[in-house]
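*Asks:* coords below, sequence missing:
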């Protein structure tokens, strides 16, 4: 577990054990993304805990505001945290600390009972968990170069994304069957009581344990990086000084190679469109295409399987033809499928073209990561992925805003698809102007 020289951990062959250990962090991360933030605990918090919240502001509104505030904090901290991780040579150690804090926040949700007085505790823990989780993803993504070579980085990145999708499927099914399914005062195959929301609170505990156990292998299998020599001043910088170092580096980057800056902007656009596909997919399935509410979970499972398989297959093409071509083809295919969805109706058409959309989400997400990893100078991966997180958060309002705008303008939920298409198209056009990373 000791620190190794820079040449020993960047851009050299790695063993399958390291790649697998790295991918298991993605497998475990679905516990926060899918279970806590998206499908289970956030719904419990807004629909049950905050159901009888007094006042004119709903629990859903408070939830959205808390997530928005978390996004602002992440956008401010991410680039300097990534810079710090690189400079101090403590990438793995900080991944462990931030993952541990995320797990603690998740486990703390057990104390959020089904009473509106506990809403504020739930919002606080979800907000803190979101911040810690996103900051942890910076050293994790930075490790991509440590567990891959320039010849297989696409396959390794695709494997990681696929592990995240499949981990989410397995855990969601375990939670649904064991803790949630059924009616009455007891739920799930375990027969857990719903009194005080106990069955959902235990889901949070399971998710915390799932993430903690899955994150252990990377702590032992992947070596620590040395202090970065690429930016020596960053190691001595305090908090305020870190921003001055960051602005200096961005100015130098703009003068030396604007490609990275252009790519950060382009990727922020299309990544927001990709997020919008999953965010509004379930809403459209029920309200527009007539899929039963009970079948939405089945579609979600199928969508994650398809996206994961797409990421694995596309990883090989990423290594052969480069990440830009993979992203361009994926976005073009998604725009075509989305356009068709604007004009078709019925569950069958949604299953076909909705799954086509999901098929290309995984490849686009995976190659977006490898594109930046190929651009980042050795020793500054953390800083680049910190900026990656910041620009992503800065653009995260576009897809929801345009989706809502088109629904309002045309008084039809179907029209929201056009808003998502516009965001994806804007990201595609911006990406076309960015020169691809050099082939190895």
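*Replies:* Ah, there it is. What you are looking at is a predicted structure, and each value in this text was computed from that prediction instead of being measured.
*Asks:* Quick one: residues contacting residue 435.
*Replies:* Residues counted as contacts of residue 435 (Cβ atoms under 8 Å, 6 or more residues apart in numbering) are residue 259. Placement of C-beta: from N, CA and C, glycine included.
*Asks:* give the contact list for the residue lying closest to residue 270 once chain neighbours are set aside.
*Replies:* Distance criterion Cβ to Cβ, 6 or more residues apart in numbering; nearest residue to residue 270, sequence neighbours excluded, is residue 427 at 2.6 Å. Residue 427 makes contact with 266, 267, 268, 269, 270, 271, 272, 273, 331, according to Cβ under 8 Å, 6+ apart.
*Asks:* and the last one, what helix or strand is that in?
*Replies:* Going back to what we said before, that points to residue 331. helix 323-341 (DSSP states H and E).
*Asks:* Tell me the buried residues in that helix?
*Replies:* 323-324, 326-331, 333-335, 337-338, 341 (16 or more other Cβ atoms under 10 Å).
*Asks:* Mind giving me the packing neighbours of that helix?
*Replies:* Counting contacts by 3 or more Cβ pairs under 8 Å, 6 or more residues apart in numbering; DSSP states H and E, helix 323-341 packs against helix 259-287, helix 293-321, helix 347-375, helix 416-432.
*Asks:* wait, which of these is closest to residue 97?
*Replies:* Taking Cβ to Cβ, helix 347-375 is the member of the helices and strands packed on helix 323-341 nearest to residue 97, at 22.3 Å.
*Asks:* centre of the chain versus the helix or strand that the closest one is followed by, how much separation?
*Replies:* Tracing the chain C-terminally past helix 347-375 and defining elements by DSSP H and E, one meets helix 381-394 next. Counting by Cα atoms, centre = their mean, to the nearest Å, helix 381-394 is centred 12 Å from the centre of its parent chain.
*Asks:* What's the first helix or strand after helix 381-394?
*Replies:* helix 398-410.
*Asks:* next one: that following helix to chain centre, how far?
*Replies:* 22 Å.
*Asks:* ok, and what's touching it?
*Replies:* Against helix 398-410 from outside (Cβ under 8 Å, 6+ apart): 269, 272-273, 275-276, 279-280, 413, 415-420, 422-423.
*Asks:* switch to 10 Å and redo it
*Replies:* 64, 268-269, 271-277, 279-280, 283-284, 287, 412-424, 426-427 (Cβ atoms under 10 Å, 6 or more residues apart in numbering).
*Asks:* So which bits of whatever helix or strand residue 132 lives in are buried?
*Replies:* Using DSSP H and E, residue 132 sits in helix 119-142. By neighbour count with 16+ other Cβ under 10 Å, helix 119-142 contains the buried residues 119, 121-123, 125-142.
*Asks:* Could you do stretch 251-258 as well?
*Replies:* residue 253.
*Asks:* and it, what's its mean pLDDT?
*Replies:* The predicted model gives stretch 251-258 an average pLDDT of 78.
*Asks:* And stretch 206-214, by the same measure?
*Replies:* 98.
*Asks:* Quick one: distance of it to the chain centre.
*Replies:* The answer for stretch 206-214 is 17 Å, by Cα atoms, centre = their mean.
*Asks:* which residues does residue 208 contact?
*Replies:* 31-32, 35-36, 102-110, 129.
*Asks:* Name the member of those with the most neighbours.
*Replies:* Using other Cβ atoms under 10 Å as the neighbour criterion, residue 31 leads the contacts of residue 208 with 31 neighbours.
*Asks:* Relative to residue 148, how far out is that one?
*Replies:* As defined by Cβ to Cβ, to the nearest Å, residue 31 lies at a distance of 24 Å from residue 148.
*Asks:* for the stretch 301-440 of the chain, which spans come out with low pLDDT?
*Replies:* 439-440 (pLDDT under 70).
*Asks:* Which secondary structure elements does the helix holding residue 132 sit against?
*Replies:* helix 16-30, helix 41-44, helix 59-88, helix 91-108, helix 153-175, helix 198-221, helix 347-375, helix 381-394 (3 or more Cβ pairs under 10 Å, 6 or more residues apart in numbering; DSSP states H and E).
*Asks:* Buried residues, the fifth one. List them.
*Replies:* By neighbour count, and taking 16+ other Cβ under 10 Å as the criterion, the buried residues in helix 153-175 are 153-169, 171-172, 174-175.
*Asks:* now do the second one
*Replies:* By neighbour count, with 16+ other Cβ under 10 Å as the criterion, the buried positions of helix 41-44 are 41, 42, 44.
*Asks:* Now do the contacts for residue 66.
*Replies:* 45, 119, 120, 122, 123, 124, 125, 126, 127, 128, 130.
*Asks:* residues near the nearest residue to residue 196 once chain neighbours are set aside, how many?
*Replies:* Nearest non-adjacent residue to residue 196, counting by Cβ to Cβ, 6+ apart: residue 113, 4.5 Å away. Neighbour count of residue 113, defined by other Cβ under 10 Å: 17.
*Asks:* How about the contacts made by residue 113?
*Replies:* 48, 49, 121, 122, 195, 196, 197, 198, 201 are the contacts of residue 113 under Cβ under 10 Å, 6+ apart.
*Asks:* The fourth one and residue 53 touch, don't they?
*Replies:* So that's residue 122. No - contact criterion Cβ atoms under 10 Å: residue 122 and residue 53 do not qualify, at 11.5 Å.
*Asks:* if we can go back for a sec, what distance do you get for the residue nearest to residue 196 to residue 200?
*Replies:* Taken as Cβ to Cβ, the span from residue 113 to residue 200 is 10 Å.
*Asks:* Touching both of the two, which residues are there?
*Replies:* What both residue 113 and residue 200 touch, as defined by Cβ under 10 Å, 6+ apart, is the set 48, 49.
*Asks:* a helix runs through residue 438, doesn't it?
*Replies:* No - counting by DSSP: H, G, I helix; E, B strand; the rest coil, residue 438 is not found in a helix; it is coil.
*Asks:* number of nearby residues for it?
*Replies:* Other residues close to residue 438 by other Cβ under 10 Å number 9.
*Asks:* how much space between the residue nearest to residue 270 and residue 250?
*Replies:* On the measure of Cβ to Cβ, residue 427 and residue 250 end up 21 Å apart.
*Asks:* same thing with residue 114?
*Replies:* 47 Å.
*Asks:* Kindly report the same for residue 153.
*Replies:* 24 Å.
*Asks:* now do residue 72
*Replies:* For residue 72 relative to residue 250 (Cβ to Cβ), the value is 19 Å.
*Asks:* Name the residue in those two with the higher neighbour count.
*Replies:* residue 250 (16 against 12).
*Asks:* Now do the SS call for the more buried one.
*Replies:* Assignment for residue 250 (three-state DSSP): helix.
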